[in-house]
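Student: Next one to model:
(2 chains)
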Amino acid sequence: MANKKILLVDDSNTILMVEKMILASEPYRLVTAGNGAQAVETAAVERPDLILMDVVMPTMDGFAACRALRAREETRAIPVIMVTTRGEAGNVERGFESGCSEYITKPINGPELLAKIRNLLGD
Amino acid sequence: MKKPAAERTYVRKVQEGTRKYARDLMGENDRLRGLIAALESERVRLAERARSVEHILQELDLLRGAVSNLEREKLAVQVQLFAAREELESHRQERERLEQQVADVEKESRRFAEQYVHVEAQNTNLANLYVASYRLYGTLDRQEVLGAIQEIVVNLIGSEELGVYELEPEEATLRLVASVGIDPTAHDRVAVGAGRIGRVAATGEPDIGGGAEVAARAVETDLSACIPLKLDGRVIGAIALFRLLPQKNGFESVDRELFDLLGTHAATALYCTRLQERLEARTRA
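Tutor: Okay, the predicted model is just below:
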């Protein structure tokens, strides 16, 4: 069975590197995108099993990108974990309204992130 | 010729006697017949009774045999019951042993799971430290280094209100060279020795608070942390974290390691960018 594919979306190289290193110990194939618009296009082509996406990004933020993913037939069912800087209720609510499946807050807690990914991927 | 009267009387007597005798014989005969019939009936009854008793005795023998068989069976069942009890006890002991083994395995599994989570957490910490170091030394461009410092503080430590200061030795002041989430004009310059940031620059000692409290606004007295940037033991700047993110409940050991890393490596990286700028300026000249 092929390894599951995860799309990492963040405009910060620091966060992308950290996410890659945390996920390096797991059998996932990783692809990256630098903003929301790029994430929507990459997701349509790559068809990842899960998307890990930052909220605050240039061009298209995470909420708008999540709505765009939900609007497209080929990406509608892909689970999205939103990476938020602020875990306040309003922010989390906006994330779920946009269609995200889960959220985590920065700084990223490795075990928490891995647990949520495994849960959504059914591992 | 007529018989004499005495003879006739005698004959009559004899006839009567004979008749009476015959009647008596008949009566006796009837009585004896009845007696014979009664005896025959009694004989038949006794014979039937004898057969009945014999039957009862046969039944009794059969019952005795059955009782004997039942007793043998009872004994066999008792033996089986005893064996079954022993087997049950053996199974109970085996079950207890297996339950204990399961409990031990579950305990061990939990211990491994905890260790795994601990290793994952350590992996994250190492990833943070590696990425911070990599980002600081990934470029000689000053703005990129300052951007990397800000990204490290925002994303890896968890503060969206921070200032990066550099020392201007001639003026004995710290000058704000990069910031996130604070009013740059209000924090533009800090005299060495003045306030918490100035004291960090003067002493070279970090000032790390609990970080859990959330101040109403970014003011120096409510700093979450201020760390000196040191090169060869000399302070060349400072990083001030005014407030932590709401979900951040204080500093952890990895934050302190990131502070140590930033204190030396960010200072070195910034120093290298200055050298690069001077080199480029000299090359242009």
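Student: give me every residue that touches residue A:86.
Tutor: A:105, B:245-247 (Cβ atoms under 8 Å, 6 or more residues apart in numbering or on different chains). Just so you know, the C-beta spots here come from the backbone N, C-alpha and C atoms, and that holds for glycine as well.
Student: Need the pLDDT of residue B:138.
Tutor: Looking at residue B:138, its pLDDT stands at 88.
Student: cool, residue B:194 as well?
Tutor: 88.
Student: distance of it from residue B:238?
Tutor: 12 Å (Cβ to Cβ, to the nearest Å).
Student: what about these two, which has more around it?
Tutor: The neighbour count for residue B:194 versus residue B:238, taken as other Cβ atoms under 10 Å in any protein chain shown, is higher for residue B:238 (29 against 16).
Student: where does the residue lying closest to that one once chain neighbours are set aside land on pLDDT?
Tutor: The spatial neighbour of residue B:238 that comes closest, neighbours along the chain excluded (Cβ to Cβ, 6 or more residues apart in numbering or on different chains), is residue B:165 at 4.6 Å. We have a pLDDT of 96 for residue B:165.
Student: Residue B:165 should be in a strand, yeah?
Tutor: Yes. Assessed by DSSP: H, G, I helix; E, B strand; the rest coil, residue B:165 belongs to a strand.
Student: Check the burial of the residue in chain A positioned nearest to chain B by counting its neighbours.
Tutor: Ranked by Cβ to the nearest Cβ, the top residue of chain A for proximity to chain B is residue A:110, at 2.9 Å. Neighbourhood size, residue A:110 [other Cβ under 10 Å]: 25.
Student: Okay, now the unreliable bits of the chain?
Tutor: All of this is about chain A. For chain A, the stretches flagged by pLDDT under 70 are A:1, A:87.
Student: think we crossed wires, I meant chain B
Tutor: Looking at chain B by pLDDT under 70, you get B:1-3, B:210-221.
Student: what ranges do the strands span in chain A?
Tutor: Counting by DSSP state E, one finds strands in chain A at the ranges A:5-9, A:29-33, A:50-54, A:80-84, A:102-105.
Student: and the shortest one, what other elements does it pack with?
Tutor: Secondary structure elements in contact with strand A:102-105, counted by 3 or more Cβ pairs under 8 Å, 6 or more residues apart in numbering or on different chains; DSSP states H and E, are strand A:80-84, helix A:89-98, helix A:110-121.
Student: Tally up the residues packed near residue 41, please.
Tutor: Just so you know, I chose chain A. 13.
Student: Hmm, no, I was thinking of chain B.
Tutor: 10.
Student: Looking at the contacts of residue A:86, which two lie furthest apart in space?
Tutor: A:105 and B:246 (8.9 Å; Cβ to Cβ).
Student: quick one, which of those two is more surrounded?
Tutor: Between residue A:105 and residue B:246, counting by other Cβ under 10 Å, residue A:105 is the more crowded of the two (21 against 15).
Student: how about the more buried one, what does it touch?
Tutor: A:83-87, B:245, B:247.
Student: Quick one: name the residues of chain A near chain B.
Tutor: A:12-15, A:17-18, A:21-22, A:25, A:85-88, A:105-111, A:114 (Cβ under 8 Å from any Cβ of the partner chain).
Student: Produce a PyMOL select command limited to the buried residues of those.
Tutor: Those of the residues of chain A next to chain B that count as buried under 16 or more other Cβ atoms under 10 Å in any protein chain shown are selected in PyMOL with:
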select buried, chain A and resi 12+13+14+15+17+18+21+22+85+86+105+106+107+108+109+110+111+114
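Student: Find the residue at the geometric middle of the chain.
Tutor: Looking at chain A here, since you left the chain open. residue A:52 (1.5 Å; Cα atoms, centre = their mean).
Student: was after chain B, sorry
Tutor: Closest-to-mean residue, chain B, Cα atoms, centre = their mean: residue B:106 / 7.8 Å.
Student: Now do residue B:133: how many residues are near it, please.
Tutor: When neighbours are defined as other Cβ under 10 Å, residue B:133 has 17 of them.
Student: OK, contacts around the closest residue to residue A:91 other than its chain neighbours?
Tutor: Leaving aside its chain neighbours, residue A:91 sits nearest to residue A:84 (5.5 Å; criterion: Cβ to Cβ, 6+ apart). The neighbours of residue A:84, taking Cβ under 8 Å, 6+ apart as the test, are A:55, A:91-92, A:95, A:103-106.
Student: give me the element residue B:162 is part of.
Tutor: Element membership of residue B:162, judged by DSSP states H and E, is strand B:159-168.
Student: Show me which parts of that strand are buried, residue by residue.
Tutor: Here strand B:159-168 shows B:159-167 as buried, counting by 16+ other Cβ under 10 Å.
Student: Report the closest residue of the stretch 101-250 of chain B relative to chain A.
Tutor: For the stretch 101-250 of chain B, Cβ to the nearest Cβ, closest residue to chain A: residue B:124, 2.9 Å.
Student: how many other residues sit next to that residue?
Tutor: For residue B:124, the number of neighbouring residues by other Cβ under 10 Å comes to 23.
Student: I'd say it and residue A:112 touch.
Tutor: No. If you go by Cβ atoms under 8 Å, residue B:124 and residue A:112 don't touch, sitting 9.3 Å apart.
Student: Please identify the buried residues of stretch B:177-195?
Tutor: For stretch B:177-195, by 16+ other Cβ under 10 Å, it's B:177-180, B:182, B:187, B:190, B:192, B:194-195.
Student: Tell me which entries of the residues you listed lie within helices.
Tutor: Using DSSP state H, the subset of the buried residues of stretch B:177-195 located in helices is residue B:195.
Student: Tabulate the buried residues of stretch B:177-195 (CSV), appending distance to residue B:54.
Tutor: Formatted as CSV, the buried residues of stretch B:177-195 follow (distance: Cβ to Cβ, whole Å):
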residue, distance to residue B:54
B:177, 129
B:178, 125
B:179, 125
B:180, 119
B:182, 123
B:187, 127
B:190, 130
B:192, 133
B:194, 132
B:195, 128
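Student: what would the buried residues of stretch B:177-195 look like in CSV with distance to chain A?
Tutor: What follows is the buried residues of stretch B:177-195, written out as CSV (distance: Cβ to the nearest Cβ, whole Å):
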residue, distance to chain A
B:177, 19
B:178, 15
B:179, 16
B:180, 11
B:182, 16
B:187, 21
B:190, 26
B:192, 30
B:194, 31
B:195, 27
